[in-house]
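In: sequence first, predicted coordinates after that:
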Amino acid sequence: MLADWHCDRVSTRTFGDPLSLKLTAVVVLSYGLSYAASMPVLNFRTDQRSEEALAELTADGSTTSEAIRQALVDAVKLRRREQMRAESRLLADDEEDVAESRRVLAEMDELRAW
């Protein structure tokens, strides 16, 4: 493990006992790795509604960042579903498309072996 590698080569006299040294190295390493990923930081101003939503999303113990990331992913999924639903309604109202679907279904029914 990388943290163990660093811990074995640092003097324990400087940091105290080997266990706290390893824990310190793990914290420093994880902190460094999280910023090494270069994740962009997003700032926004909350209002009462978004504060209440954020409180609900973090009630399970999720961090604010985790909750916001998941909310963004969920919002995109919901938007795509709504777009597909709207497209489906348009196609269902298109008489030519419905007639073509029925013709294809009839042809496939004739080809069915059973």
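Out: Happy to help now that I have it.
In: so in the protein, which helix runs the longest?
Out: In the chain, ranked by residue count with DSSP state H as the criterion, the top helix is helix 64-93.
In: pLDDT on it, on average?
Out: Averaging pLDDT along helix 64-93 gives 95.
In: could you point out which element follows it?
Out: helix 95-111 (DSSP states H and E).
In: now that following helix against helix 64-93, angle please.
Out: Orientation check (axes from the mean of the first three to the mean of the last three Cα atoms, to 10 degrees): helix 95-111 against helix 64-93 gives 80 degrees.
In: buried sites along the longest helix of the chain?
Out: By neighbour count on 16 or more other Cβ atoms under 10 Å, the buried set for helix 64-93 is 67, 68. (Each C-beta comes from the backbone N, C-alpha and C, glycine too.)
In: elements contacting that helix?
Out: On a contact count with 3 or more Cβ pairs under 8 Å, 6 or more residues apart in numbering; DSSP states H and E, helix 64-93 meets helix 48-57, helix 95-111.
In: lowest-confidence stretch among the ones you listed?
Out: helix 95-111 (a mean of 90).
In: so what does it touch, helix or strand wise?
Out: Judged by 3+ Cβ pairs under 8 Å, 6+ apart, helix 95-111 is in contact with helix 64-93.
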